[in-house]
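Trainee: Whatever this is, show me its structure:
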Amino acid sequence: IYVLSPKVKVGRIQNFRAWSPEMLADPDTASIGMEYFCQLGDGLWTMSDAELRDLAASELEQLGLGQASDVIDAAIIRQPKAYPVYDGEYQDALEVVSAWIKALENFQTVGRNGLHRYNNQDHSMLSAMLAARNILGEENDVWSVNVDRAYHEEFEVEKKPKAVSQEKPA
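Mentor: Numbers count the residues shown, from 1 in each chain. Alright, predicted model coming up:
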């Protein structure tokens with residue numbers, strides 16, 4: 001869920017329990033991901049793990065999604081450069097990187113950072129599942145995930161002109 005409230009700093013929330021019950025050590029708990037978008041070195045980035053845990057717990061409560069006192073643990077992951085940068089030379093650079101990676105034996109790369117592509121979570125998970133199947137002997141091209149034009153943000157549908165009726169009004 002994207003959070004679009006100026007009252008909180010969290011940008012996206014997900015419930016990993018909804019993805020799969022196997023993602024939980026204890027089925028009587030939930031695993032909630034709270035994503036904060038920030039820049040390397042800014043206030044959010046430099047907060048201690050304890051401060052980030054407290055912030056996430058208080059914002060869960062502020063949003064009416066749970067009680068801060070019910071939060072029992074936290075794992076903080078700071079992911080620098082989580083989003084690939086697209087520029088005029090992006091495609092040429094990607095071809096060099098992908099050709100080199102594809103030449104490696106027994107090596108799989110997946111997700112946004114692995115494929116150097118702005119994948120959504122479904123595409124990232126699909127590339128990971130295909131890579132796992134490759135390890136088991138299949139031959140899937142993980143680089144073909146999310147290459148359809150329809151998934152890219154600059155995709156525009158060409159509008160067809162409306163057909164003009166040749167009939168005269170009665």
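
Trainee: and the least confident helix or strand in the chain by mean pLDDT, what does it pack onto?
Mentor: One helix or strand of the chain scores below all others by mean pLDDT, DSSP states H and E: helix 111-115, with a mean of 84. Judged by 3 or more CB pairs under 8 Å, 6 or more residues apart in numbering; DSSP states H and E, helix 111-115 is in contact with helix 121-135. In short, each C-beta sits where N, CA and C put it, glycine included.

Trainee: buried residues in the helix it packs on?
Mentor: Buried residues in helix 121-135, counted by 16 or more other CB atoms under 10 Å: His123, Ser124, Leu126, Ser127, Ala128, Leu130, Ala131, Asn134.

Trainee: which stretches of this structure form strands?
Mentor: Using DSSP state E, the strands found in the chain span residues 12-15, 32-35.

Trainee: Reformat those strands as CSV; add mean neighbour count and mean pLDDT.
Mentor: Formatted as CSV, the strands of the chain follow (neighbours: other CB atoms under 10 Å; pLDDT from 0 to 100):
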stretch, mean neighbour count, mean pLDDT
strand 12-15, 14, 93
strand 32-35, 18, 95
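
Trainee: Check Gln39 and give its pLDDT.
Mentor: We have a pLDDT of 89 for Gln39.

Trainee: isn't it right next to Arg78, touching?
Mentor: No: counting by CB atoms under 8 Å, Gln39 sits too far from Arg78 to count as a contact (11.3 Å).

Trainee: intersection of neighbour lists for these two?
Mentor: Residues within reach of Gln39 and of Arg78 at once, by CB atoms under 8 Å, 6 or more residues apart in numbering, are Trp45.
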